[in-house]
Each structure stands twice: as structure tokens, then as C-alpha cells.
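1. Structural data only, the sequence is not supplied:
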Ligand SMILES: O=c1ccn([C@H]2C[C@H](O)[C@@H](CO)O2)c(=O)[nH]1
Ligand SMILES: [Zn+2]
């Protein structure tokens, strides 16, 4: 038996102000999208903004439903929009932010497992890493340089070959 250690390196920024200008702009778009979320059940609003290689920004927010599982997370709303409308364009980066109507969240909030899997599909397809920046409503911002850093041992198309 051998042991195999998996390591992830993340970058932690003290606040949005410490981010490069282009990522601050992307995070601002994610905040705007978040504030249009439809989240009457959880009252937990999430906004995502993707930057394509062309520089175009695609946003998404969570869309809930009275039949709870029929709703969708912000990240998948955004990435499926990009995948369906810009199928041949690579995604450079994703900014993600949340806001709860119950309390201020200052803990950086990462994408859920299902969204990591959905994002990994596009990262594998484009063969280029997608940088992910995530935060709460306020406070620190975490950067993962690639979806792989958030989802090691990904199940991807190579297993179907
Ligand atoms: O990665 C995530 C995790 C959760 N949510 C949404 C789903 C639901 O509407 C609400 C509470 O889970 O937040 C997202 O949009 N993205
Ligand atoms: Zn999700």
C-alpha cells in the first residue's frame, strides 16, 4: 500500500481592493447579479460572473423553485449560459459572491460540489484552467487557480473512453 497526498494551493486576498483591477470588475458584476437572485426560500443570494477569453462577461444568479430541487445554483446558470451561447469560447475566470438576508456573511463561500463538477466539464473541454475567486458578502477573497484545485480526483470524459 502506498499513500498519496493531495495538496491544494489557494491565494487569500484581504479584500476586493487587493485584487487585480479586472478581477475587481468581475466581482462587481457578480455582486450585481447576486442582488437579482431569485431566492425566496433560502434567502441566500448567490451571484456568479464569468469572463470569457474575448473579455465578455456572463453572469448568473441562483434561481429557486417551490419544488426545491428544480432550482439551480448561480454558477451553473452562468456556465450553462456560456456553454450554450458561446460554445467555442474559453472561460478565463469566475467570480462568486453571496449575500444572506438573515446575517452578514464574511466567510468566503466556495461553489457547491455539483457546481464544481459542472465547471470541471468546461475546464476539461477547453483544456485551460478556469481561475475561481470566491467571497462572502464582505471580507476576504479566495482564489483557486483551477477547478482541479477545488475538485481533485475529478470524474471527467477520460473515464468514459
Ligand atoms: O454553489 C452554490 C451553492 C448554493 N447556491 C444556492 C442554491 C440555493 O438557491 C441557495 C442555498 O443553498 O444557494 C448557489 O447558487 N451556488
Ligand atoms: Zn452549486
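-> Received the coordinates, thanks. This structure is a prediction, so every number in the text was calculated from the model and none was measured. Ligands and ions are numbered 1, 2, ... in the order given.
2. can you pull out the helices in the protein?
-> 21-34, 74-85, 113-126, 147-150 (DSSP state H).
3. The last one - contacts with which helices or strands?
-> It stands for helix 147-150. helix 113-126 (3 or more CB pairs under 8 Å, 6 or more residues apart in numbering; DSSP states H and E). Yep, even glycine has a C-beta here, placed from its N, CA and C like the rest.
4. to the chain's geometric centre, what's the distance from the helix it packs on?
-> In terms of CA atoms, centre = their mean, to the nearest Å, the centre of helix 113-126 is found 10 Å from the chain centre.
5. Show me what it packs onto, helices and strands only.
-> Using 3+ CB pairs under 8 Å, 6+ apart: helix 113-126 touches helix 74-85, strand 91-100, helix 147-150.
6. Give me the buried positions along that helix.
-> 115, 116, 117, 118, 119, 120, 121, 122, 123 (16 or more other CB atoms under 10 Å).
7. In this structure the first one contacts residue 76, no?
-> Right, the one you point to is residue 115. Yes: if you go by CB atoms under 8 Å, residue 115 and residue 76 touch, sitting 5.6 Å apart.
8. Check what pLDDT residue 117 gets.
-> Note on residue 117: pLDDT of 98.
9. mind listing what it touches?
-> Each residue near residue 117 by CB atoms under 8 Å, 6 or more residues apart in numbering is listed here: 151, 154, 155.
10. What about those, which one has the most neighbours?
-> residue 151 (20 neighbours; other CB atoms under 10 Å).
11. hang on, the earlier thing: kindly indicate which of the buried residues of helix 113-126 lies nearest ligand 1.
-> residue 115 (4.5 Å; CB to the nearest ligand atom).
12. What sits closest to that closest one if chain neighbours are left out?
-> residue 75 (3.9 Å; CB to CB, 6 or more residues apart in numbering).
13. you'd agree the one you found is up against residue 96?
-> Yes: under the criterion of CB under 8 Å, residue 75 makes contact with residue 96 at 6.6 Å.
14. which residues are common contacts for these two?
-> Contacts common to residue 75 and residue 96, judged by CB under 8 Å, 6+ apart, are 46, 48, 111.
15. Just the pLDDT at residue 31, thanks.
-> 98.
16. which one of residue 75 and residue 96 has more residues nearby?
-> residue 96 (30 against 27).
17. ok now do that one, which residues does it touch?
-> 30, 46-48, 74-75, 109-111, 132-135.
18. switch the cut-off to 7 Å
-> Applying CB atoms under 7 Å, 6 or more residues apart in numbering to residue 96 gives the contacts 30, 48, 75, 111, 132, 133, 134.
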